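Engineer: Return a 3D structure for these sequence lines:
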Amino acid sequence: MERRPATPRAFFARRGRGVTLLISAAMLHRALREEACAANRQLGSSGLVVLTFGNASVFDPGAGVFAIKPSGVPYADLTPAEMVLVDLEGRVVEGKLQPSSDTPTHRRLFQAFTGIRSVVHTHSGHAVSFAQAGRPIPCLGTTHADYFNGDVPVTRPLTAAEIADAYEWNTGGVIVETFEGRDPLAMPAVLVWRHGPFAWGPSGAKALENAVALELVAQIAARTLALAPQGGSIEPELLNRHFTRKHGPGATYGQPRHGGGDPGAGS
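Structural biologist: Numbers count the residues shown, from 1 in each chain. Predicted structure coming up:
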């Protein structure tokens, strides 16, 4: 990756409530590093990863840069200062360490998927099992439907040429290809053929939550298929009811963000 010097005196214009705010690049970078570090440290204690098989990134669309875990560094040892900042052209903006080898995949997703701010990649066992089998994770019940609006898809295999040249970038490419005609916000995860899962969300914490949920539903699906190999998918009406009560403008799950109103039922 090409490295370029940091620009701590640069300023970005942000509009909020009719007021233009000038936020220094240094402030933005510090916030990104802190959020990315928190996501990666939580990933390390989540049970989703062993050794250093996983990474998280956090993106600032306004600045066009994202912070990502440095390659091979144990999760418990991470600090915000060690996060590596990369722009959408693949240039390292700030950081002394080598960024994760999966950085091009994260970069491709940030380029393609509007509305996501964080990507989490793991090798969690049950999700990897479905990826290695080349099988989507079927939506068999409401636990799955609370997070994913249908079967979690699996990408096509990469070609020999795609593996030989720009492998990590092409991994992002087949994910983007898989989501043609799909809403990545309604399906915040994917399985990469023979590889493993990627999940994403509007924040580091939410992307990690989606990665945890993905592993759980993969585990439940594997057990359900062992008990009932011929069992069918969830009824469309039940899928829609559970997904929409937690997502979208009509969501009723949880507490209202701005006082008043009925938060609705839900566990």
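
Engineer: Ile175: what secondary structure?
Structural biologist: Following DSSP: H, G, I helix; E, B strand; the rest coil, we place Ile175 in the helix state.

Engineer: and it, how far is that from Tyr147?
Structural biologist: The spacing between Ile175 and Tyr147, counted by Cβ to Cβ, to the nearest Å, is 18 Å. For the C-beta atoms, the positions are set from N, CA and C on the backbone; glycine is no exception.

Engineer: Other residues contacting the host helix or strand of Thr105?
Structural biologist: Following DSSP states H and E, one finds Thr105 within helix 103-112. Contact with helix 103-112 is made by 1, 55, 57, 59, 61, 66, 68, 84, 86, 88, 90, 100, 116, 119, 121, 166, 168-169, 171-173, 175-176, 179, 198, 200, as judged by Cβ atoms under 8 Å, 6 or more residues apart in numbering.

Engineer: for the residue nearest to the spatial centre of the chain, phi and psi?
Structural biologist: Closest residue to the average C-alpha location of the chain: Trp200 at 2.0 Å, with Cα atoms, centre = their mean. Phi and psi for Trp200, reported as degrees, to the nearest 10, are phi -150, psi 170.

Engineer: Can you tell me who it pairs with across the strands?
Structural biologist: Val119 (DSSP bridges).

Engineer: right, and it touches Thr114 too?
Structural biologist: No. In this structure, Trp200 is not within contact of Thr114 by Cβ atoms under 8 Å, at 11.5 Å.

Engineer: Contacts only, for Val49.
Structural biologist: Counting by Cβ under 8 Å, 6+ apart, Val49 makes contact with Leu43, Tyr75, Thr122, His123, Ser124.

Engineer: Which of the three states applies to it?
Structural biologist: Applying three-state DSSP: Val49 is coil.
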